[in-house]
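K.L.:
turn this into a structure:
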Amino acid sequence: MHFPAHCFAYFLLNYTLRDSSLGYHLPYMRSAIALAQRAFSADEVPVGAVVVLANKIIGRGYNRSMSQSDPTAHAEILALRQAAKRVGNYRLTLATLYCTLEPCAMCAGALVLARIKLLVYGARDTKAGAIDSHLNLLAAGFLNHRVEVISGVLAEESSALLKEFFRLKRKRKTF
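P.N.:
Okay, the predicted model is just below:
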C-alpha cells in the first residue's frame, strides 16, 4: 500500500518521535526536573514544567504559589503563560507540555484551553491528579479539544524529589 508523502510526514511527527521513542522525551523531562529542584530550593512544592515546540523549549515554570501568594502559580500555568507570550498566541496547538507531576484540575483545564497537543508527565498525583489518578479530565466528552498523554516518564526521579520535600517538611513541621 502506498501513502502520499504528507501522510508519511504526519506519521513520523506524531508517532515515531513521540510515542515509540522514550529517549526523545528524556531531555525535556530532565529540564522539568531541574526546574522542580529550583522550586525545592525555594521551599515550594517541587514541580517543574516546560513547553516544547519544534524541539525547542519555549516556556518554563516551577511552582511559585507560596512566594507569589498566587494559588494559580503552578509550574504548568507559568510555563504555558511564558510559551504563549513567546509565540504571541494562547493556542499552542503543536506544543508538548512536560511536567514532573500529574496535573491538577486547574492545570488540566489550562492544557485544554491552550490546545496543547501532548502532555508528558512523570509521577502520578494520588491526591489531586486530574489526568489518570482521579478525574480523567482530559478524556471528558464535553471538552472541545483532546490532549494526548504519556505518563510515567522519569517518574521515580520526580517522585523522589516530592517525597524528600515532604519528608523534610514533616520533620520541620513547616506546612
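K.L.:
ok, which stretches of the protein are strands?
P.N.:
48-53, 56-62, 96-101, 118-123, 148-151 (DSSP state E).
K.L.:
can you read off the pLDDT for residue 21?
P.N.:
Looking at residue 21, its pLDDT is 75.
K.L.:
burial count for it?
P.N.:
11 (other C-beta atoms under 10 Å). All C-beta spots, glycine's among them, are computed from the backbone N, C-alpha and C.
K.L.:
same thing with residue 92?
P.N.:
When neighbours are counted by other C-beta under 10 Å, residue 92 registers 24.
K.L.:
now do residue 67
P.N.:
12.
K.L.:
which residues touch it?
P.N.:
Counting by C-beta atoms under 8 Å, 6 or more residues apart in numbering, residue 67 makes contact with 42, 44, 73.
K.L.:
beta partners for residue 62?
P.N.:
Beta-bridge partners for residue 62, by DSSP bridges, are residue 48.
K.L.:
could you measure from it over to residue 153?
P.N.:
Distance of residue 62 to residue 153, given as C-beta to C-beta, to the nearest Å: 17 Å.
K.L.:
could you say which of the strands of the chain is packed most deeply?
P.N.:
Mean neighbour count, computed with mean count of other C-beta atoms under 10 Å, is highest for strand 96-101 among the strands of the chain, reaching a mean of 29.
K.L.:
that one to strand 118-123, inter-axis angle?
P.N.:
20 degrees (axes from the mean of the first three to the mean of the last three C-alpha atoms, to 10 degrees).
K.L.:
each with direction, which strands does strand 96-101 pair with?
P.N.:
strand 48-53 (antiparallel), strand 118-123 (parallel).
K.L.:
thinking again about what came up before, only the buried subset of the contacts of residue 67, as a PyMOL command please.
P.N.:
Applying 16 or more other C-beta atoms under 10 Å to the contacts of residue 67, the buried members can be selected in PyMOL as follows:
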select buried, resi 44+73
